[in-house]
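> Sequence below, structure please.
(one chain, ligands or ions: 1)
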Amino acid sequence: MNARTSLTALAAAAALLASASAMAQGAKLKVGLMLPYTGTYAALGVAIENGFRLYLAEQGGKIGGREVEFSKVDDESDPAKATENVNKLIKRDGVDVLIGTVHSGVAMAMAKAAKDNNVLLIVPNAGADAVTGPMCGNNIYRSSFSNWQPGYATGEVMAKKGIKKAVTITWKYAAGDESVKGFKEAFEKGGGSVVKELTLPFPNVEFQALLTEIAAIKPDAVYTFFAGGGAVKFVKDYDAAGLKKSIPLYGSGFLTDGTLEAQGASADGLFTALHYGDSLDNAKDKSFRLAYAKTYKLQPDVYAVQGYDAAQILGIGLNAVKGDVSKKAEFAAAVEKAKIDSPRGAFTLSKAHNPVQDMYLRQVVGKENKVVGIASKSLADPARGCKS
Ligand code: PHB
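Next up is the predicted model:
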């Protein structure tokens, strides 16, 4: 053994001892929540935290046998601040696990930091395809979806309806780009064609000029990815511009999830595809919705479900390693063979740790995203060069 390898071995032994002694002393599990609490995605961050805390409360406040201590950072959905923000949790607070985030660009920086520092990361929303592709690893998990998944499912639905000519409109960043890419793949496979791809920078909401362009093109339908506050404004503006009657609007289900109170009648009748809906007929969803409404005096949405399931994934992994986060391979083995009892319906994780799940076709009826069918059964994200 040369000096370098013996030093590395010493450091590894010291880290092991530190984690063993922290656990022997019953140290709390440090959970770093990095979520948007301001900006267009603020409500999404809150719903994710609510869902996470609900599962924790159901477990008597412990995960993997350890009590939990939270550190929180508002990431503002700003990729430019993401590395600094995630390092506050990793380096300053020394968290055992990172939970975050909503925005794909911010999540990419989190995945890189998690990789560089070998910290556990569970992504409770952001769909950046690469997180469960080239960035995959036995410390990286996602409880939500890949951007490709709802886009692809909506493309299948629109093609099956016989729509031939579509325009797409979204924010110009990874989530919008990848969502449109998934949509296009299925829509073109089903015989449709995309005649124009419109974008505006995230998180801008000046839609008027683009709506005028859609009116001039007169496609058979429009496909869109918007979410949060931006989705509220887009659906209202689309209706106010008089387009809703003449050019049917479709989207990945984020367009109408957690937004219906604010969208009012403008959202009525819209079709979307997503891995959750408001009228699922399963026991887990019924008890989840009851408990969520009782605790928060609010109806849950897809983001609350994803937060709840992020906590479930953490629980499954940590129970298998008796709370020892350093045992990444054993943690991964347990999660990879688990069937996760989600309010969306049970799902498994792919080898790259992305959910393999049903995509529902939903239609807005009053204040609900009513499930009216299955858009895609057990839809798995395509393999994207995950080597682990
Ligand atoms: C994302 O940036 O990946 C994203 C954000 C909000 C959503 C879905 C995806 O609702």
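> residue ranges with poor pLDDT in the stretch 1-150 of the chain?
For the stretch 1-150 of the chain, applying pLDDT under 70 flags the ranges 1-25.
> all helices of it, in order?
Ranges of helices in the stretch 1-150 of the chain, per DSSP state H, counting those that start in this stretch, are 3-24, 42-58, 82-87, 104-117, 148-160.
> right, and the helix or strand after the helix or strand containing E261?
Using DSSP states H and E, E261 sits in helix 260-263. Remark: after helix 260-263, the chain's next helix or strand is strand 271-274, criterion DSSP H and E.
> I'd like the average pLDDT over stretch 256-270.
Stretch 256-270 shows a mean pLDDT of 98.
> Buried residues in it, which are they?
Across stretch 256-270, burial judged by 16 or more other Cβ atoms under 10 Å covers T256, D257, G258, T259, L260, Q263, S266, A267, D268, L270. Yep, even glycine has a C-beta here, placed from its N, CA and C like the rest.
> closest to I90 among those?
G258 (29.2 Å; Cβ to Cβ).
> did I read that right, that closest one in a strand?
No - counting by DSSP: H, G, I helix; E, B strand; the rest coil, G258 falls outside a strand, being coil.
> Skipping adjacent residues, who's closest to it in space?
Among residues not flanking G258 along the chain, D301 sits closest, at 3.7 Å (Cβ to Cβ, 6 or more residues apart in numbering).
> Tell me who's in contact with T295.
Counting by Cβ atoms under 8 Å, 6 or more residues apart in numbering, T295 touches N50, L54, A57.
> Quick one: buried ones out of those?
Buried by 16+ other Cβ under 10 Å: N50, L54, out of those.
> Tabulate the contacts of T295 (TSV), appending distance to the ligand.
Output for those, formatted as TSV (distance: Cβ to the nearest ligand atom, whole Å):
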residue	distance to the ligand
N50	16
L54	20
A57	25
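> for the contacts of T295, which one is nearest E76?
Compare each of these with E76 using Cβ to Cβ and the shortest gap goes to N50, at 19.3 Å.
> which residues does that closest one contact?
Per Cβ under 8 Å, 6+ apart, neighbours of N50: Y292, T295, Y296, L298, P300, A304, G307.
> circling back to that earlier point, run a quick neighbour tally on the residue nearest to G258.
Other residues near D301 number 26, with proximity taken as other Cβ atoms under 10 Å.
> Need the contacts of T295 in a markdown table (columns: distance to K81).
Listed next are the contacts of T295 as a markdown table, based on distance: Cβ to Cβ, whole Å:
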| residue | distance to K81 |
| --- | --- |
| N50 | 24 |
| L54 | 28 |
| A57 | 31 |
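> Could you check how far the residue nearest to the spatial centre of the chain is from T83?
For the chain, the residue nearest the mean C-alpha position is N125 (1.7 Å; Cα atoms, centre = their mean). From N125 across to T83, the span is 19 Å (Cβ to Cβ, to the nearest Å).
> now K28
Note on K28: its distance to T83, by Cβ to Cβ, is 26 Å.
> One more: G277?
Distance from G277 to T83, by Cβ to Cβ: 36 Å.
> same thing with G61?
From G61 to T83 the distance is 32 Å (Cβ to Cβ).
> dump the residue contacts of the closest residue to L249 other than its chain neighbours.
Among residues not flanking L249 along the chain, V222 sits closest, at 5.1 Å (Cβ to Cβ, 6+ apart). Listed by Cβ under 8 Å, 6+ apart, the contact partners of V222 are A166, V167, T168, I169, I214, Y238, L243, I247, P248, L249, Y250.
> quick one on the thing from earlier: can you tell me which of the contacts of T295 is closest to N204?
N50 (28.0 Å).
> On the three-state scheme, the residue of the stretch 251-388 of the chain found nearest the ligand is what?
Relative to the ligand, the nearest point of the stretch 251-388 of the chain is F254 (3.5 Å; Cβ to the nearest ligand atom). What three-state DSSP gives for F254 is helix.
> Isn't it up against Y276?
No - using Cβ atoms under 8 Å, F254 is not in contact with Y276; the gap is 10.4 Å.
> Need the overlap of contacts for those two.
Joint contacts of F254 and Y276 (Cβ under 8 Å, 6+ apart) are V302.
> Who are the contact partners of E206?
Counted by Cβ under 8 Å, 6+ apart, E206 has contacts L200.
> Ramachandran angles for the residue lying closest to F254 once chain neighbours are set aside?
Closest residue to F254 apart from its sequence neighbours, by Cβ to Cβ, 6+ apart: A227 at 3.8 Å. Per-residue torsions, A227: phi -150, psi 160 (degrees, to the nearest 10).
> Begin at 889 from now on, thanks
OK, 889 is where the count begins now, so the last one is A1115.
> So which bits of the stretch 889-1038 of the chain are right by the ligand?
Residues of the stretch 889-1038 of the chain lying near the ligand by Cβ under 6 Å from any ligand atom: V990, H991, S992, N1013, A1014, G1015, A1016, N1035.
> which residues touch the second one?
With contacts defined as Cβ under 8 Å, 6+ apart, the neighbours of H991 are P924, Y929, D963, S965, D966, P967, A1014, Y1061, A1063.
> just how off-centre is stretch 1228-1242 within its chain?
Centroid separation for stretch 1228-1242 versus its chain: 12 Å, with Cα atoms, centre = their mean, to the nearest Å.
> what's in contact with that stretch?
For stretch 1228-1242, contacts defined as Cβ under 8 Å, 6+ apart pick out 1020-1021, 1024, 1028-1031, 1033-1034, 1163-1164, 1168, 1170, 1172-1173, 1176-1177, 1188, 1190, 1193, 1196-1197, 1200-1201, 1204, 1220, 1223-1224, 1226-1227, 1243-1246, 1268-1269, 1271-1272, 1274, 1276.
> Only the buried subset of the residues you listed, as a ChimeraX command please.
To isolate in ChimeraX the members of those that are buried, counting by 16+ other Cβ under 10 Å, one can use:
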select :1020,1021,1024,1028,1029,1030,1031,1033,1034,1163,1164,1168,1172,1173,1176,1177,1188,1190,1193,1196,1197,1200,1201,1204,1220,1223,1224,1226,1243,1245,1246,1268,1269,1272,1274
